[in-house]
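Asker: this one's structure only:
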């Protein structure tokens, strides 16, 4: 089975991936952040590096999905291939940080890849307001994220909501991060686990 966690920067995807993988004994697949050769450059000069970064993510996540399906294991994935194509790349394009030529090239490649893959069996969307995202980004203290602008996070949030509203590729579970503190509250984590169980196995 393939479970995937979607959500804006700072919404808690990596934390929930870790907690769920431990609880259910699922294999975690994390987003490539620390070994990503473009991320630092991207935050320094978004216009120059946006296309390179998105191609890197697309390639990386495509490889992950192939590995997940081949493994025969239940895997929980930190961020999906769809978020790059429906949220991050269009946002960069609309902010004039990616040229139309590069964006069209990127989308064409994504459409080919998406025709070859299966969507996740369950998508968990972590919904969070911008103040919550900012608080959590500051808390983890990644230096290159300190330059992220509020309007950038706001635009991403709007695109996330639009995408989730029309999501119809499989089961969907929405977790409201403003009101559910799963990293620090065992009770809140238990609630999320119960909801995941219900989605995957039905209520008995």
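Answerer: It's in. Predicted model only: the values in this text are computed from it and were never measured.

Asker: middle-most residue in this structure, spatially?
Answerer: Against the mean C-alpha coordinate of the chain, by CA atoms, centre = their mean, the closest residue is residue 79 at 2.7 Å.

Asker: can you tell me the closest non-neighbouring residue to it?
Answerer: residue 31 (4.7 Å; CB to CB, 6 or more residues apart in numbering). C-beta coordinates here come from the backbone N, C-alpha and C atoms, glycine included.

Asker: how many neighbours does the one you found have?
Answerer: Residues contacting residue 31 under the criterion other CB atoms under 10 Å number 19.

Asker: wait, isn't it in contact with residue 13?
Answerer: Yes. Contact criterion CB atoms under 8 Å: residue 31 and residue 13 qualify, at 7.3 Å.

Asker: for stretch 177-197, buried residues please.
Answerer: Neighbour-count burial for stretch 177-197 flags 177, 180, 182, 189, 192, 196 (criterion: 16 or more other CB atoms under 10 Å).

Asker: confirm that the last one lies within a helix, as I assumed.
Answerer: Yes. Under DSSP: H, G, I helix; E, B strand; the rest coil, residue 196 falls within a helix.

Asker: what separation do you get for the closest residue to it other than its chain neighbours and residue 77?
Answerer: Sequence neighbours aside, residue 173 is the residue nearest to residue 196 in space, at 6.5 Å (criterion: CB to CB, 6+ apart). To residue 77, residue 173 is 14 Å away according to CB to CB, to the nearest Å.

Asker: also residue 200?
Answerer: Taking CB to CB, one finds residue 200 at 15 Å from residue 77.

Asker: which of these two has more neighbours?
Answerer: Neighbour totals were compared for residue 200 and residue 77, and residue 77 leads with 25 against 15 (other CB under 10 Å).

Asker: and the strands in the protein, which stretches?
Answerer: Remark: strands assigned in the chain by DSSP state E are 2-7, 27-29, 75-78, 122-127, 171-176.

Asker: could you pull out the buried residues of the shortest one?
Answerer: Looking back up the chat, that one is strand 27-29. 28-29.

Asker: please name the strands paired to it in the sheet, noting orientation.
Answerer: The pairing partners recorded for strand 27-29 under DSSP bridges are strand 75-78 (parallel).

Asker: coming back round to it: determine which of the strands of the chain approaches residue 50 most closely.
Answerer: strand 2-7 (20.2 Å; CB to CB).

Asker: low-confidence ranges, the protein, go.
Answerer: 141, 143-147, 203-204 (pLDDT under 70).

Asker: pull out the buried positions in the longest helix seen in the chain.
Answerer: Taking DSSP state H as the criterion, the chain has its longest helix at helix 46-71. Neighbour-count burial for helix 46-71 flags 46, 49-51, 53-58, 60-62, 64-65, 68 (criterion: 16+ other CB under 10 Å).
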